[in-house]
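Enquirer: Give me the fold of what follows.
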Amino acid sequence: MQLKDIIFSFSFLGLVACGGSDSSNEQPTSPVASINAGVDQTVNEKSSIVLSGLATPEGGEFTWKQLSGPILAGFPATGATQTVVAPSIKLNTQLIFELQYTTTDKQVLTDTITVSVTAVNQLPIVSITQTEPSQLPSKYNDSIVLSSENSVDPDEDGSLEVFRWQQTAGQSLTISDFNSSTLTFKHPLLEQDNQVQFSLTITDDEGGSQTNFYDLLLRKTTKVIAVQAGEAQTVREFDTVTLDASQSTVLTESFSCYWQQTQGLTMGLIDANLCQARFIVPDIDVAEQLSFSVVVTDNKNRSDSGETQVNIQPIPLGVNNDSGVAQCFDNTKIVSCGNVDFPGQDAEIGRDVVADYLDKVGAGNLAFDFTKLDEFADELPDSATNFSCVRDNVTGLIWEVKQANTGLLPNTQLREGQNHYTWFFTGEGNGGVEGVAGAANSTCPSAIDCGIETYVNQVNALNFCGANNWRIPTYNELIGIMDLAPQGSGPLLDNRYFPNAPSHTLLGHLRYWTRETSVDGQSLSVAWILDFQSGNDLAYPKAQTAFIRLVRQP
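Expert: From the prediction side, this is the model:
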């Protein structure tokens, strides 16, 4: 408190020359003016503050002002006494008020008072309720949820900040999150009832905490084994499928499993007596649905069973062969397939990738599938060394097998691999340019000409390999038997099924004609060839010579 007094005294001393003092000339003394705003106070937040001031002389005017602290309504206010409510606060604070008094003769006096406001934190009210399952009592594998949704902070501007759950009694439960507003866990397998208790401590925004407890009775379950056979799966042919019952639950320390197939195309189960069995989906042509059952047995020889389904889908491998490439490369060398720096390579996609799982009719490198045929187109074993043609079991096409190269051109046999021909074809599909017939007895033994049309006619006249519909292959048909695996080291054909290929030194290449005229450029006098030495294709002049391998559709 400050006390300020203003004292005004006026004295008048008169000197009389001869007779002493004259009391009738003395002036009256002015009254003393003072002000008092009261003693400093300490109050709790949201409680009443009474401001009461005193001042002399009476009859003046009182005015209260707030100088600092959280702003309160109603100031400035007139009157010696004012009652206000302390603000709601989080931290202790001070309010400073000034009292101003104006006397009747216009003197102005001031004094101040400090009110210290103490923050009062009301602790949280902790309420715990069970909100799930909706149907009680809970049973095995029900999701049980304890909620603090009805908990409150009594402070009007307070908030609940931290939640901490704890299991304080009963058989230990598997709970992943103890720090949320809700506590969630699964009703476990139980041989006996389990009385559990949980505590929840909630801390508010001012650091105040309060704890409450919740008791819950978990009933024993009707089962003592819970079999988890796994979710239904949809897989593709050639996939490795895992059947997993390892997440089953028992009340003993361990358990065993035994898998059996109960429906669908029979699979070869691997490790059927383990909880994680597996099988490899074989080569299939249509979708299949499989069912499997598993028996789970605990250490007390108690058992229960469960089932799961596996839907398998065929892979759309198409009706063409793959390339025969089984290795992956970087810029300079062989690398492991799956390299992220060199993705999407030929060896990582297509039929060859699943070659080990294909249900082949015959045999061949990777996914190639060939069957040797005799002179009447009857099947021969793969070990046969004398055969006339070959069936591609992927495309269904039958291919000519060349005769051994025995003579010097033109003194050779009709179907020797070294014979070569110009592209001369007068029938439909020649692109409007029939080409040029090579001279007779020049690059082939024919006395007519050495063009492709004459060769086709002569082979069909022989009813070669039991048929007379032999023809020049299309581009896609011919590239289908190209095996790129030996690229750089020899003919790009599997010589087990396509023997007697000519030496590339004969013409400096191993180019074979297709039946397709090339429209690449301005002239139709070229046709597509495939070089079985380099793997390249080329629009080649029809007047030039190249080798031939005939094909037919059964």
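
Enquirer: any idea which helix is longest in the protein?
Expert: helix 452-461 (DSSP state H).

Enquirer: how far out from the middle of the chain is it?
Expert: In terms of Cα atoms, centre = their mean, to the nearest Å, the gap separating the centre of helix 452-461 from the centre of its chain is 60 Å.

Enquirer: helices and strands around it, which ones?
Expert: strand 421-422 (3 or more Cβ pairs under 8 Å, 6 or more residues apart in numbering; DSSP states H and E). For the C-beta atoms, the positions are set from N, CA and C on the backbone; glycine is no exception.

Enquirer: re earlier: for the longest helix of the chain, buried residues please.
Expert: Judged by neighbour count (16 or more other Cβ atoms under 10 Å), helix 452-461 contains these buried residues: 452, 453, 454, 455, 456, 458, 459, 460.

Enquirer: Could you provide these in a markdown table, with additional columns for pLDDT and distance to residue 471?
Expert: Shown next, in a markdown table, are those (pLDDT from 0 to 100; distance: Cβ to Cβ, whole Å):
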| residue | pLDDT | distance to residue 471 |
| --- | --- | --- |
| 452 | 98 | 10 |
| 453 | 98 | 10 |
| 454 | 98 | 13 |
| 455 | 98 | 11 |
| 456 | 98 | 6 |
| 458 | 98 | 13 |
| 459 | 98 | 10 |
| 460 | 98 | 9 |
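
Enquirer: Let me have those residues in TSV, extended by distance to residue 65.
Expert: Listed next are the buried residues of helix 452-461 as TSV, based on distance: Cβ to Cβ, whole Å:
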residue	distance to residue 65
452	115
453	119
454	123
455	120
456	118
458	124
459	121
460	121
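
Enquirer: what's around residue 414, how many residues?
Expert: As a burial measure, residue 414 scores 15 neighbours (other Cβ atoms under 10 Å).

Enquirer: Might you report the residue contacts of residue 446?
Expert: Counting by Cβ atoms under 8 Å, 6 or more residues apart in numbering, residue 446 makes contact with 414, 440, 454, 455, 458.

Enquirer: List the strands paired with the helix or strand hosting residue 304, with their directions.
Expert: Element membership for residue 304, per DSSP states H and E: strand 303-313. Sheet pairing of strand 303-313 (DSSP bridges) gives strand 233-236 (parallel), strand 288-298 (antiparallel).

Enquirer: gap between the first one and the chain center?
Expert: Okay, so that is strand 233-236. Offset of strand 233-236 from its chain centre (Cα atoms, centre = their mean): 18 Å.

Enquirer: Ok, stretch 275-283 next?
Expert: Between the centre of stretch 275-283 and the centre of its host chain there is 25 Å, according to Cα atoms, centre = their mean.

Enquirer: How about residues contacting it?
Expert: Stretch 275-283 is contacted by residues 235-246, 248, 255-257, 259, 265, 267-271, 294, 296, 312, 357-359 when judged by Cβ under 8 Å, 6+ apart.

Enquirer: and with 7 Å instead?
Expert: With Cβ atoms under 7 Å, 6 or more residues apart in numbering as the contact definition, stretch 275-283 has outside contacts at 235-246, 257, 259, 267-271, 312, 357-359.

Enquirer: Can you turn the buried part of these into a ChimeraX selection?
Expert: Command for ChimeraX, covering only those of the contacts of stretch 275-283 found buried under the criterion 16+ other Cβ under 10 Å:
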select :237,238,239,241,243,244,245,257,259,267,269,312,357,358
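
Enquirer: mind listing which of the contacts of stretch 275-283 are in strands?
Expert: If you go by DSSP state E, the contacts of stretch 275-283 have 235, 236, 240, 241, 242, 243, 244, 257, 259, 312 in strands.

Enquirer: For the stretch 401-550 of the chain, just list every one of the strands.
Expert: For the stretch 401-550 of the chain, the strands defined by DSSP state E, counting those that start in this stretch occupy 421-422, 511-517, 526-531, 537-541, 545-546.

Enquirer: what's the most buried one of the ones you listed?
Expert: strand 421-422 (a mean of 26; mean count of other Cβ atoms under 10 Å).

Enquirer: What mean pLDDT does it get?
Expert: For strand 421-422, mean pLDDT is 98.

Enquirer: roughly how far is it from the heart of the chain?
Expert: Its chain's C-alpha centre lies 58 Å from the corresponding centre of strand 421-422 when counted by Cα atoms, centre = their mean.

Enquirer: can you tell me which of the strands paired with strand 303-313 comes nearest to residue 44?
Expert: Nearest to residue 44 among the strands paired with strand 303-313 is strand 288-298; the distance by Cβ to Cβ comes to 63.6 Å.

Enquirer: between that closest one and strand 240-244, how many degrees?
Expert: 40 degrees (axes from the mean of the first three to the mean of the last three Cα atoms, to 10 degrees).

Enquirer: And for residue 337, the neighbour number?
Expert: Residue 337: 16 surrounding residues under other Cβ under 10 Å.

Enquirer: Assess the claim that it and residue 347 are in contact.
Expert: Yes: taking Cβ atoms under 7 Å as the definition, residue 337 is a contact partner of residue 347 at 5.4 Å.

Enquirer: Give me the common contacts of the two.
Expert: Applying Cβ under 7 Å, 6+ apart, one finds that residue 337 and residue 347 are jointly contacted by residue 328.

Enquirer: Now tell me what touches the longest helix of the chain from outside.
Expert: Under Cβ under 7 Å, 6+ apart, the answer for helix 452-461 is 414-415, 421, 423-426, 444, 446, 448, 468, 470-472, 513, 548, 550.

Enquirer: rerun at 8 Å
Expert: By Cβ under 8 Å, 6+ apart, helix 452-461 touches 400, 414-415, 419, 421-427, 437, 444, 446, 448, 468-472, 513, 548, 550.

Enquirer: ditto for stretch 247-266
Expert: Contacts for stretch 247-266 (Cβ under 8 Å, 6+ apart): 188-191, 224-228, 230, 243, 245-246, 267, 269, 272-275, 277, 282, 284, 288-300, 306-307.

Enquirer: cool, stretch 106-118 as well?
Expert: Outside stretch 106-118, the residues within contact range by Cβ under 8 Å, 6+ apart are 1-4, 6, 33-45, 49, 51, 53, 55, 67, 69, 86-87, 89, 92-103.

Enquirer: Just the ones in strands from those, please.
Expert: The strands, defined by DSSP E, take in 34-36, 41-44, 49, 51, 55, 67, 93-102 from the contacts of stretch 106-118.
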